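>>> I'll drop the sequence and a predicted model, then ask my questions.
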Amino acid sequence: MPDHSHTPEAIAKRIGAPPGRGVLRDVVYGGIDGSVTTFAIVAGVAGAGLSPFVIVALGLANVLADGFSMAAGNYSGTKAEQDNARRLRQIEERHIALYPEGERQEVREILAQKGLSGDVLEEATAAITAQQESWIDLMMEGEYGIAGVEPDPMRAAIATFLAFLVAGLIPLLPFLLGLEAAFAWSVWMTAGMFFAIGAVKSRWSLAPWWRSGLETLAIGGAAAAIAYVVGTLFSA
């Protein structure tokens with residue numbers, strides 16, 4: 001079965017309102033970083049032989065402060081992308097007004113690289129350059145590689161923070177619940193979270209779920225192991 005409908009109505013609706021990149025990247029980024037950094041603190045403090053209270057205090061501080069910092073950074077970065085796209089659109093508007101023939105030649109070159117030629121190329125160039133917004137949209141994609149659908153800075157920030165918060169609390173749960181052998185539980189639960197993030201991520205990739213899960217587990221495990229070894233250097 002196809003992934004989506006190809007009726008004329010469905011095609012017009014889908015092409016007319018593309019969803020953009022969504023928040024997949026932000027959720028995966030926040031989730032992995034939340035698990036890695038929080039467990040790195042847990043592993044480092046546990047390796048140093050400090051009390052569970054210290055582990056919980058530092059872990060919670062990391063989840064809230066680092067999570068907010070990541071969200072703020074993602075917001076600023078996404079906002080910068082928006083601002084840059086608007087700046088480039090203004091440049092193209094100015095170039096069209098000042099150098100229309102040169103800009104038409106750029107459109108012709110972009111379309112030629114897409115496989116158009118001859119009369120079809122000339123007709124397509126004339127049709128696109130007859131409408132300034134369509135003209136600029138094509139230039140944004142063809143000349144600068146910027147998609148027409150801009151990411152939402154606030155949505156990206158919220159997705160990053162929530163993913164960081166949820167994943168970052170997993171290594172702390174055994175200590176918050178006062179479980180016996182809390183650090184061992186934290187190790188296994190964090191490893192499970194790493195694997196789960198990678199497995200879920202495979203839904204949007206060509207890699208099998210188990211390979212994506214193991215890859216994420218290896219990345220997170222390496223960071224955790226480094227933090228634990230460093231922590232043991234400061235143990236009494």
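Okay, I see it.

>>> just the element for the residue nearest in space to the middle of the chain, please.
In the chain, the C-alpha nearest the mean C-alpha coordinate belongs to Arg25, at 2.2 Å (C-alpha atoms, centre = their mean). Secondary structure assigned from DSSP states H and E places Arg25 in helix 24-47.

>>> distance check, the residue nearest to the centre of the chain against Gln90.
27 Å (C-beta to C-beta, to the nearest Å). Just so you know, the C-beta spots here come from the backbone N, C-alpha and C atoms, and that holds for glycine as well.

>>> which SS state does Leu50 fall under?
coil (DSSP: H, G, I helix; E, B strand; the rest coil).

>>> Arg104 and Pro153, how far apart?
Arg104 is 34 Å from Pro153, by C-beta to C-beta.

>>> quick check: buried residues in the helix holding Arg25?
25-47 (16 or more other C-beta atoms under 10 Å).

>>> what about Ala12, how many neighbours?
10 (other C-beta atoms under 10 Å).

>>> what mean pLDDT does the helix or strand harbouring it get?
In the assignment (DSSP H and E), Ala12 maps to helix 8-16. The pLDDT scores in helix 8-16 average 73.

>>> just to revisit the earlier point, which element follows the helix holding Arg25 toward the C-terminus?
Sequence order places helix 52-61 as the next helix or strand after helix 24-47, per DSSP H and E.

>>> which neighbouring elements make contact with that next one?
helix 24-47, helix 173-176 (3 or more C-beta pairs under 8 Å, 6 or more residues apart in numbering; DSSP states H and E).

>>> the helix holding Arg25 - what's its average pLDDT?
Averaging pLDDT along helix 24-47 gives 84.

>>> from the contact counts, what lies against it?
Counting contacts by 3+ C-beta pairs under 8 Å, 6+ apart, helix 24-47 is packed against helix 52-61, helix 67-98, helix 153-169, helix 182-201, helix 209-232.

>>> list the buried ones in the first one?
To tie it back to what came earlier, the one meant is helix 52-61. 52, 55-56, 58-60.

>>> and that helix with helix 153-169, angle?
Per axes from the mean of the first three to the mean of the last three C-alpha atoms, to 10 degrees, the angle that helix 52-61 makes with helix 153-169 is 170 degrees.
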